[in-house]
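In: Give me coordinates for this.
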Amino acid sequence: MSEQPVPADTARQQLDSAAADAVRAYAAHTRATADQFADVLEDIAACGLPSVEECTPWEELREQHLARLARQRPAVA
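Out: From the prediction side, this is the model:
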């Protein structure tokens, strides 16, 4: 985030309460995701990398993610 002050001649557009709540929810989700990622990195730093046998190949992860996205998207006739 920028710590620079907003110029006086620039007015900010206020959000309605629903939009502000949505932005706060997105910020909370982003913060939680970043915290989870940081936890993984801290675990790697403390315990080292997992063995190859314990890891899931990236191709499987990609296919799982694509399938999850396909389920979320409505079917087109």
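
In: What separation do you get for Ala45 and Thr33?
Out: 19 Å (CB to CB, to the nearest Å). Placement of C-beta: from N, CA and C, glycine included.

In: Just give me the longest helix of this structure.
Out: helix 17-47 (DSSP state H).

In: What is the subsequent helix or strand relative to it?
Out: helix 58-72 (DSSP states H and E).

In: Extract the CA atoms of that following helix and return them as PDB.
Out: Extracted C-alpha coordinates of helix 58-72, given in PDB (Å, rounded to 0.1, in the frame of the first residue of the first chain):
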ATOM      1  CA  TRP A  58       2.100 -30.500 -10.600                       C
ATOM      2  CA  GLU A  59       0.300 -32.100 -13.500                       C
ATOM      3  CA  GLU A  60      -2.200 -33.700 -11.000                       C
ATOM      4  CA  LEU A  61      -2.600 -30.400  -9.200                       C
ATOM      5  CA  ARG A  62      -3.300 -28.600 -12.500                       C
ATOM      6  CA  GLU A  63      -5.900 -31.200 -13.500                       C
ATOM      7  CA  GLN A  64      -7.600 -31.000 -10.100                       C
ATOM      8  CA  HIS A  65      -7.700 -27.200 -10.300                       C
ATOM      9  CA  LEU A  66      -9.000 -27.200 -13.900                       C
ATOM     10  CA  ALA A  67     -11.700 -29.700 -12.900                       C
ATOM     11  CA  ARG A  68     -12.700 -27.500  -9.900                       C
ATOM     12  CA  LEU A  69     -13.000 -24.500 -12.200                       C
ATOM     13  CA  ALA A  70     -15.100 -26.400 -14.700                       C
ATOM     14  CA  ARG A  71     -17.500 -27.400 -11.900                       C
ATOM     15  CA  GLN A  72     -17.900 -23.800 -10.900                       C
END
